[in-house]
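*Asks:* Sequence first, then the predicted structure:
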Protein chains: 2
Amino acid sequence: MKTFTPAQVVSETGFSLDTLRYYERIGLLDRIERNTAGQRRFTDRDVGWLMTIRCLRDTGMPIAEMLRFAELTRAGDHNIPERILLLEEHDRRVEEQIAHWRSRQQGVQHKIAYYRDVVKLHHFADTGDDMAEV
Amino acid sequence: MKTFTPAQVVSETGFSLDTLRYYERIGLLDRIERNTAGQRRFTDRDVGWLMTIRCLRDTGMPIAEMLRFAELTRAGDHNIPERILLLEEHDRRVEEQIAHWRSRQQGVQHKIAYYRDVVKLHHFADTGDDMAEV
DNA sequence: GGTTGACCTGGAGCCCACTCCAGGTGGCAT
DNA sequence: ATGCCACCTGGAGTGGGCTCCAGGTCAACC
(Lines give C-alpha, C1' and ligand atoms only; values in the text may rest on other atoms or scores of the structure.)
Protein backbone atom coordinates (compact mmCIF):
# COMPACT_ATOMS: atom_id res chain seq x y z
CA MET A 1 0.00 0.00 0.00
CA LYS A 2 1.39 3.32 -1.08
CA THR A 3 2.33 5.86 1.56
CA PHE A 4 3.60 9.42 1.53
CA THR A 5 6.44 11.01 3.45
CA PRO A 6 5.80 14.24 5.34
CA ALA A 7 7.63 16.20 2.65
CA GLN A 8 5.40 14.75 -0.06
CA VAL A 9 2.27 15.61 1.87
CA VAL A 10 3.54 19.13 2.44
CA SER A 11 4.00 19.66 -1.28
CA GLU A 12 0.71 17.98 -2.18
CA THR A 13 -1.51 19.71 0.34
CA GLY A 14 0.21 23.03 0.84
CA PHE A 15 0.07 22.65 4.62
CA SER A 16 3.36 23.18 6.44
CA LEU A 17 4.89 20.28 8.31
CA ASP A 18 4.27 22.08 11.57
CA THR A 19 0.65 22.56 10.63
CA LEU A 20 0.27 18.85 9.84
CA ARG A 21 1.70 17.95 13.22
CA TYR A 22 -0.52 20.54 14.84
CA TYR A 23 -3.62 19.11 13.13
CA GLU A 24 -2.72 15.66 14.32
CA ARG A 25 -2.15 16.90 17.85
CA ILE A 26 -5.56 18.53 18.10
CA GLY A 27 -7.30 15.53 16.57
CA LEU A 28 -8.23 17.03 13.23
CA LEU A 29 -6.24 14.16 11.73
CA ASP A 30 -6.38 10.65 13.06
CA ARG A 31 -3.11 9.43 14.49
CA ILE A 32 -0.85 9.04 11.45
CA GLU A 33 1.04 5.72 11.05
CA ARG A 34 4.76 5.69 11.77
CA ASN A 35 7.55 3.66 10.21
CA THR A 36 10.11 1.82 12.39
CA ALA A 37 12.04 5.05 12.85
CA GLY A 38 8.92 6.73 14.19
CA GLN A 39 8.48 8.90 11.10
CA ARG A 40 5.03 9.59 9.70
CA ARG A 41 3.83 7.71 6.66
CA PHE A 42 0.59 9.14 5.31
CA THR A 43 -1.91 6.99 3.42
CA ASP A 44 -4.02 8.19 0.46
CA ARG A 45 -6.92 8.35 2.86
CA ASP A 46 -4.96 10.77 5.05
CA VAL A 47 -4.11 12.88 2.03
CA GLY A 48 -7.71 12.79 0.81
CA TRP A 49 -8.93 13.92 4.18
CA LEU A 50 -6.36 16.73 4.13
CA MET A 51 -7.76 17.87 0.79
CA THR A 52 -11.18 18.07 2.37
CA ILE A 53 -9.69 20.06 5.22
CA ARG A 54 -8.09 22.34 2.65
CA CYS A 55 -11.48 23.14 1.11
CA LEU A 56 -13.08 23.83 4.43
CA ARG A 57 -10.16 25.82 5.77
CA ASP A 58 -9.80 27.93 2.65
CA THR A 59 -13.48 28.77 2.73
CA GLY A 60 -13.11 30.07 6.24
CA MET A 61 -14.40 27.25 8.39
CA PRO A 62 -12.97 27.59 11.91
CA ILE A 63 -10.96 24.70 13.28
CA ALA A 64 -13.53 24.00 15.99
CA GLU A 65 -16.14 23.22 13.35
CA MET A 66 -13.77 21.10 11.30
CA LEU A 67 -13.18 19.14 14.48
CA ARG A 68 -16.88 18.56 14.78
CA PHE A 69 -16.96 17.37 11.22
CA ALA A 70 -13.98 15.08 11.87
CA GLU A 71 -15.76 13.57 14.84
CA LEU A 72 -18.88 12.91 12.80
CA THR A 73 -16.76 11.29 10.14
CA ARG A 74 -15.01 9.09 12.66
CA ALA A 75 -18.27 8.06 14.23
CA GLY A 76 -19.48 6.14 11.19
CA ASP A 77 -21.87 6.21 8.28
CA HIS A 78 -25.07 6.64 10.21
CA ASN A 79 -24.56 10.38 10.66
CA ILE A 80 -24.00 11.26 7.04
CA PRO A 81 -27.22 13.31 7.02
CA GLU A 82 -25.77 15.35 9.86
CA ARG A 83 -22.58 15.89 7.88
CA ILE A 84 -24.62 16.99 4.92
CA LEU A 85 -26.38 19.54 7.08
CA LEU A 86 -23.09 20.83 8.41
CA LEU A 87 -21.62 21.23 4.92
CA GLU A 88 -24.77 22.78 3.53
CA GLU A 89 -24.81 25.30 6.33
CA HIS A 90 -21.18 26.07 5.62
CA ASP A 91 -21.87 26.37 1.90
CA ARG A 92 -24.58 28.90 2.67
CA ARG A 93 -22.20 30.94 4.80
CA VAL A 94 -19.58 30.88 2.05
CA GLU A 95 -22.17 32.19 -0.38
CA GLU A 96 -23.06 35.01 1.99
CA GLN A 97 -19.44 35.78 2.62
CA ILE A 98 -18.70 36.07 -1.07
CA ALA A 99 -21.70 38.33 -1.60
CA HIS A 100 -20.52 40.50 1.26
CA TRP A 101 -17.01 40.72 -0.17
CA ARG A 102 -18.43 41.63 -3.56
CA SER A 103 -20.45 44.47 -2.16
CA ARG A 104 -17.55 45.85 -0.15
CA GLN A 105 -15.34 45.45 -3.18
CA GLN A 106 -17.70 47.76 -5.03
CA GLY A 107 -17.10 50.33 -2.31
CA VAL A 108 -13.38 50.06 -2.97
CA GLN A 109 -13.91 50.37 -6.73
CA HIS A 110 -16.09 53.39 -6.16
CA LYS A 111 -13.28 54.99 -4.24
CA ILE A 112 -10.81 54.23 -7.01
CA ALA A 113 -13.14 55.83 -9.55
CA TYR A 114 -13.46 58.87 -7.34
CA TYR A 115 -9.71 59.24 -7.06
CA ARG A 116 -9.36 58.94 -10.81
CA ASP A 117 -11.78 61.83 -11.22
CA VAL A 118 -9.83 63.87 -8.72
CA VAL A 119 -6.64 63.31 -10.66
CA LYS A 120 -8.38 64.30 -13.88
CA LEU A 121 -9.78 67.50 -12.39
CA HIS A 122 -6.53 68.33 -10.70
CA HIS A 123 -5.26 70.05 -13.82
CA PHE A 124 -7.93 72.71 -13.39
CA ALA A 125 -8.30 73.32 -9.67
CA ASP A 126 -7.35 72.24 -6.16
CA THR A 127 -9.75 69.69 -4.82
CA GLY A 128 -9.92 69.99 -1.05
CA ASP A 129 -9.40 66.27 -0.78
CA ASP A 130 -9.68 64.86 2.69
CA MET A 131 -10.12 61.62 4.59
CA ALA A 132 -13.86 61.55 4.20
CA GLU A 133 -14.30 62.26 0.50
CA VAL A 134 -16.95 60.08 -1.12
CA MET B 1 -21.38 71.48 12.71
CA LYS B 2 -22.98 68.13 13.35
CA THR B 3 -21.12 65.61 15.45
CA PHE B 4 -21.75 62.03 16.55
CA THR B 5 -21.47 60.43 19.97
CA PRO B 6 -19.50 57.21 20.32
CA ALA B 7 -22.74 55.24 20.62
CA GLN B 8 -24.02 56.71 17.34
CA VAL B 9 -20.80 55.86 15.53
CA VAL B 10 -20.92 52.33 16.91
CA SER B 11 -24.39 51.81 15.51
CA GLU B 12 -23.58 53.51 12.18
CA THR B 13 -20.30 51.78 11.46
CA GLY B 14 -20.69 48.46 13.22
CA PHE B 15 -17.32 48.84 14.94
CA SER B 16 -17.33 48.31 18.68
CA LEU B 17 -16.45 51.20 20.94
CA ASP B 18 -13.28 49.41 21.97
CA THR B 19 -12.34 48.96 18.33
CA LEU B 20 -12.86 52.66 17.65
CA ARG B 21 -10.60 53.54 20.55
CA TYR B 22 -8.08 50.98 19.38
CA TYR B 23 -8.09 52.40 15.85
CA GLU B 24 -7.51 55.86 17.23
CA ARG B 25 -4.66 54.64 19.43
CA ILE B 26 -2.79 53.01 16.59
CA GLY B 27 -3.29 55.99 14.32
CA LEU B 28 -5.75 54.49 11.88
CA LEU B 29 -8.06 57.35 12.90
CA ASP B 30 -6.82 60.87 13.45
CA ARG B 31 -7.19 62.09 16.99
CA ILE B 32 -10.94 62.45 17.49
CA GLU B 33 -12.21 65.72 18.95
CA ARG B 34 -13.43 65.75 22.56
CA ASN B 35 -16.15 67.77 24.24
CA THR B 36 -15.50 69.58 27.53
CA ALA B 37 -16.02 66.34 29.46
CA GLY B 38 -13.32 64.67 27.37
CA GLN B 39 -15.81 62.52 25.48
CA ARG B 40 -15.32 61.86 21.77
CA ARG B 41 -17.39 63.73 19.25
CA PHE B 42 -16.99 62.33 15.75
CA THR B 43 -17.44 64.49 12.66
CA ASP B 44 -18.98 63.30 9.38
CA ARG B 45 -15.46 63.14 8.01
CA ASP B 46 -14.52 60.73 10.78
CA VAL B 47 -17.56 58.62 10.03
CA GLY B 48 -16.86 58.72 6.29
CA TRP B 49 -13.31 57.58 6.87
CA LEU B 50 -14.61 54.77 9.08
CA MET B 51 -16.85 53.65 6.24
CA THR B 52 -13.80 53.43 4.02
CA ILE B 53 -12.02 51.44 6.70
CA ARG B 54 -15.05 49.17 6.83
CA CYS B 55 -14.74 48.37 3.13
CA LEU B 56 -11.05 47.68 3.33
CA ARG B 57 -11.31 45.69 6.53
CA ASP B 58 -14.22 43.59 5.33
CA THR B 59 -12.35 42.75 2.16
CA GLY B 60 -9.47 41.43 4.18
CA MET B 61 -6.96 44.25 4.13
CA PRO B 62 -4.60 43.91 7.10
CA ILE B 63 -4.35 46.80 9.53
CA ALA B 64 -0.74 47.49 8.60
CA GLU B 65 -1.77 48.28 5.04
CA MET B 66 -4.72 50.39 6.10
CA LEU B 67 -2.24 52.36 8.19
CA ARG B 68 -0.15 52.97 5.09
CA PHE B 69 -3.25 54.14 3.28
CA ALA B 70 -4.14 56.43 6.20
CA GLU B 71 -0.66 57.95 6.10
CA LEU B 72 -0.92 58.59 2.37
CA THR B 73 -4.29 60.20 2.93
CA ARG B 74 -2.95 62.41 5.67
CA ALA B 75 0.03 63.44 3.59
CA GLY B 76 -2.02 65.37 1.06
CA ASP B 77 -3.40 65.34 -2.45
CA HIS B 78 -0.15 64.87 -4.31
CA ASN B 79 0.00 61.12 -3.65
CA ILE B 80 -3.45 60.25 -4.90
CA PRO B 81 -1.90 58.20 -7.72
CA GLU B 82 -0.13 56.14 -5.07
CA ARG B 83 -3.41 55.62 -3.26
CA ILE B 84 -5.00 54.52 -6.49
CA LEU B 85 -2.25 51.96 -6.96
CA LEU B 86 -2.71 50.67 -3.45
CA LEU B 87 -6.47 50.30 -3.88
CA GLU B 88 -6.15 48.72 -7.32
CA GLU B 89 -3.70 46.21 -5.98
CA HIS B 90 -6.09 45.44 -3.16
CA ASP B 91 -8.99 45.15 -5.58
CA ARG B 92 -7.01 42.61 -7.57
CA ARG B 93 -6.30 40.57 -4.47
CA VAL B 94 -9.98 40.62 -3.53
CA GLU B 95 -10.85 39.34 -7.00
CA GLU B 96 -8.36 36.50 -6.62
CA GLN B 97 -9.58 35.74 -3.16
CA ILE B 98 -13.16 35.46 -4.32
CA ALA B 99 -12.18 33.20 -7.21
CA HIS B 100 -10.27 31.02 -4.80
CA TRP B 101 -13.24 30.80 -2.46
CA ARG B 102 -15.52 29.91 -5.34
CA SER B 103 -13.31 27.06 -6.43
CA ARG B 104 -12.96 25.67 -2.92
CA GLN B 105 -16.69 26.07 -2.47
CA GLN B 106 -17.17 23.76 -5.43
CA GLY B 107 -15.08 21.19 -3.60
CA VAL B 108 -17.48 21.45 -0.68
CA GLN B 109 -20.50 21.15 -2.96
CA HIS B 110 -18.95 18.13 -4.59
CA LYS B 111 -18.63 16.52 -1.21
CA ILE B 112 -22.25 17.28 -0.40
CA ALA B 113 -23.33 15.68 -3.68
CA TYR B 114 -21.25 12.64 -2.88
CA TYR B 115 -22.83 12.27 0.54
CA ARG B 116 -26.29 12.58 -0.98
CA ASP B 117 -25.45 9.70 -3.29
CA VAL B 118 -24.24 7.63 -0.39
CA VAL B 119 -27.49 8.21 1.46
CA LYS B 120 -29.46 7.23 -1.63
CA LEU B 121 -27.51 4.01 -2.12
CA HIS B 122 -27.64 3.17 1.53
CA HIS B 123 -30.98 1.48 1.11
CA PHE B 124 -29.34 -1.18 -1.00
CA ALA B 125 -25.92 -1.82 0.48
CA ASP B 126 -23.31 -0.74 3.03
CA THR B 127 -20.94 1.79 1.55
CA GLY B 128 -17.60 1.48 3.27
CA ASP B 129 -17.58 5.23 3.84
CA ASP B 130 -14.41 6.63 5.34
CA MET B 131 -12.51 9.85 5.86
CA ALA B 132 -11.02 9.90 2.37
CA GLU B 133 -14.02 9.14 0.23
CA VAL B 134 -14.25 11.26 -2.95
C1' DG C 1 32.67 6.25 9.35
C1' DG C 2 31.39 10.93 9.32
C1' DT C 3 28.35 14.47 7.83
C1' DT C 4 24.18 15.91 6.07
C1' DG C 5 19.39 16.04 6.11
C1' DA C 6 14.76 14.65 6.96
C1' DC C 7 12.32 13.69 10.58
C1' DC C 8 10.85 13.18 15.77
C1' DT C 9 8.88 15.22 20.56
C1' DG C 10 7.04 18.44 24.03
C1' DG C 11 6.59 22.81 24.89
C1' DA C 12 7.10 27.70 24.33
C1' DG C 13 6.43 31.76 21.53
C1' DC C 14 4.27 34.73 18.16
C1' DC C 15 1.15 37.62 15.48
C1' DC C 16 -3.05 39.75 14.69
C1' DA C 17 -6.88 42.11 15.98
C1' DC C 18 -9.23 43.02 19.12
C1' DT C 19 -11.54 42.88 24.01
C1' DC C 20 -11.71 43.46 28.79
C1' DC C 21 -10.67 45.61 33.16
C1' DA C 22 -10.11 48.79 37.13
C1' DG C 23 -10.78 52.93 38.62
C1' DG C 24 -12.62 57.35 37.61
C1' DT C 25 -15.59 61.66 35.64
C1' DG C 26 -19.51 64.26 34.16
C1' DG C 27 -24.29 64.84 33.20
C1' DC C 28 -29.08 63.85 33.38
C1' DA C 29 -33.47 61.96 35.19
C1' DT C 30 -36.23 60.98 39.57
C1' DA D 1 -28.88 64.56 46.10
C1' DT D 2 -28.52 60.26 44.40
C1' DG D 3 -28.51 56.95 41.29
C1' DC D 4 -27.31 55.56 36.99
C1' DC D 5 -25.36 55.53 32.62
C1' DA D 6 -22.32 56.72 28.96
C1' DC D 7 -18.13 57.67 28.62
C1' DC D 8 -12.86 58.22 29.84
C1' DT D 9 -7.69 56.26 30.42
C1' DG D 10 -3.70 53.06 30.41
C1' DG D 11 -2.70 48.69 30.44
C1' DA D 12 -3.38 43.77 30.59
C1' DG D 13 -5.62 39.67 28.66
C1' DT D 14 -7.70 36.72 25.02
C1' DG D 15 -8.35 33.56 21.10
C1' DG D 16 -7.26 31.61 16.93
C1' DG D 17 -4.00 29.46 14.32
C1' DC D 18 -0.17 28.45 13.67
C1' DT D 19 5.33 28.60 14.04
C1' DC D 20 9.61 27.99 16.22
C1' DC D 21 12.95 25.83 19.23
C1' DA D 22 16.08 22.57 21.64
C1' DG D 23 17.68 18.41 21.74
C1' DG D 24 17.59 13.98 19.76
C1' DT D 25 17.10 9.75 16.25
C1' DC D 26 17.65 7.31 12.14
C1' DA D 27 19.22 6.72 7.18
C1' DA D 28 21.70 7.58 3.27
C1' DC D 29 25.33 9.25 0.67
C1' DC D 30 30.33 10.32 -0.01
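*Replies:* All right, it came through fine.
*Asks:* which one's the longest helix in chain A?
*Replies:* Secondary structure of chain A per DSSP state H: the longest helix is helix A:80-121.
*Asks:* So that one, near chain B or not?
*Replies:* Yes. Helix A:80-121 reaches chain B (CB under 8 Å from any CB of the partner chain) through A:80-81, A:83-84, A:87-88, A:90-91, A:94-95, A:97-98, A:100-102, A:104-105, A:107-109, A:111-112, A:115-116, A:118-119. Heads up, the C-betas are built off the backbone N, CA and C, glycines and all.
*Asks:* And that helix, what does it pack against?
*Replies:* helix A:63-75, helix B:44-58, helix B:80-121 (3 or more CB pairs under 8 Å, 6 or more residues apart in numbering or on different chains; DSSP states H and E).
*Asks:* any low-confidence regions in chain A?
*Replies:* Low-confidence segments of chain A, defined by pLDDT under 70, span residues A:123-134.
*Asks:* Which residue comes closest to the residue nearest to the spatial centre of it once chain neighbours are left out?
*Replies:* Centroid-nearest residue in chain A, with CA atoms, centre = their mean: A:D58, separated by 1.4 Å. Counting by CB to CB, 6 or more residues apart in numbering or on different chains, the nearest residue to A:D58 once its immediate chain neighbours are dropped is B:R104, at 4.4 Å.
*Asks:* thinking again about what came up before, mind checking which of the residues of helix A:80-121 next to chain B are buried?
*Replies:* A:80, A:83-84, A:87, A:90-91, A:94, A:97-98, A:101, A:104-105, A:107-108, A:111-112, A:115, A:118 (16 or more other CB atoms under 10 Å in any protein chain shown).
*Asks:* near DNA strand C, which of the residues you listed show up?
*Replies:* Among these, none lies close to DNA strand C by the criterion of CB under 7 Å from any atom of the strand.
*Asks:* thought the residue nearest to A:D58 was touching A:M61?
*Replies:* No. Using CB atoms under 8 Å, B:R104 makes no contact with A:M61, being 10.0 Å away.
*Asks:* show me what contacts the residue nearest to A:E82 when sequence neighbours are not counted?
*Replies:* Among residues not flanking A:E82 along the chain, A:L72 sits closest, at 5.7 Å (CB to CB, 6+ apart). A:L72 makes contacts with A:N79, A:E82, A:R83, A:L86, as judged by CB atoms under 8 Å, 6 or more residues apart in numbering or on different chains.
*Asks:* quick one: which of the residues you listed is most hemmed in?
*Replies:* Greatest neighbour count in these, by other CB atoms under 10 Å in any protein chain shown, goes to A:R83: 21 neighbours.
*Asks:* show me the contacts for the residue nearest to the centre of chain A.
*Replies:* Counted by CB under 8 Å, 6+ apart, A:D58 has contacts B:H100, B:W101, B:R104.
*Asks:* Turn the residues you listed into JSON lines, including distance to A:R45.
*Replies:* Below are the contacts of A:D58 laid out as JSON lines (distance: CB to CB, whole Å):
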{"residue": "B:H100", "distance to A:R45": "25"}
{"residue": "B:W101", "distance to A:R45": "26"}
{"residue": "B:R104", "distance to A:R45": "20"}
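*Asks:* just curious, which of those residues is nearest to chain A?
*Replies:* Comparing the contacts of A:D58 against chain A with CB to the nearest CB places B:R104 closest, at 4.4 Å.
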